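> Quick one: sequence and predicted model below, then my questions.
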Amino acid sequence: MIFRVAAMSGHQQHQRHSHGHGHGHHGIPPPMRDLENELNEEQKQEFKAIFQDDSLSKEQRRQKVKEFFEKIGGDTLTKYNNAKEKMEAHRAEKRAKFEEKLKGLSDEAKKHFAKVKEIKNDSHLNRTQTHEKIKQLFDGLPEKVKEEVKSVKPSHCGGPCSPGHDHGKHQH
């Protein structure tokens, strides 16, 4: 659920890098998107703006979303908390499936994905910083390991350095 800009428009990026998880790179993730029905037009714009602000770190984005729904309160806050739990459970399930895929890889490839995980878990990085660090990490791999890494497609976003993963066109 994270994002990049190049010479393509967002729509072209999404068409080029379609991965079936139901939202664009700068979009609101599905469980959160359902909350838009609870918002008035002004609130919808404010909510979308939080997700479109690439300068925010992951932690800043999480905090802004939390504060946004706390300000609204009531049933909408309850629905936000439920959506957040659902999203976290979905992420945990995806992580478990991906960890299973990693078992057959070489130690070098496993180390690569461990480093990618560290980068992705750094909540102080913004989208651009996260992507650039992952790209640098991948670019430094020997060709044999790059091919192995490409053979394992993470279930999120096509994954770092998987087939068709164009590092100049989007971010994780």
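Done, it's in.
> mind listing the helices in this structure by residue range?
Taking DSSP state H, the helices of the chain run over residues 10-16, 30-33, 41-52, 58-72, 74-102, 107-121, 127-139, 143-151.
> The ones you listed: lowest mean pLDDT?
Ranked by mean pLDDT, the helices of the chain bottom out at helix 10-16, with a mean of 32.
> number of nearby residues for Val145?
The tally of other residues near Val145 (other Cβ atoms under 10 Å) stands at 19. Glycine gets a C-beta too; all of them are placed from N, C-alpha and C.
> My error: substitute Lys97 in the last question.
11.
> Could you measure from it over to Val152?
Remark: distance between Lys97 and Val152 (Cβ to Cβ, to the nearest Å) = 11 Å.
> likewise Glu108?
With the distance defined as Cβ to Cβ, Glu108 ends up 13 Å from Val152.
> Who has more neighbours out of these two?
When neighbours are counted by other Cβ under 10 Å, Glu108 and Val152 differ, and Val152 comes out ahead with 19 against 13.
> Contact partners for the residue lying closest to Leu77 once chain neighbours are set aside?
For Leu77, the nearest residue in space outside its immediate sequence neighbours is Phe69; the separation is 5.0 Å by Cβ to Cβ, 6 or more residues apart in numbering. Contacts here follow Cβ atoms under 8 Å, 6 or more residues apart in numbering; on that basis Phe69 touches Leu35, Thr76, Leu77, Tyr80, Asn81.
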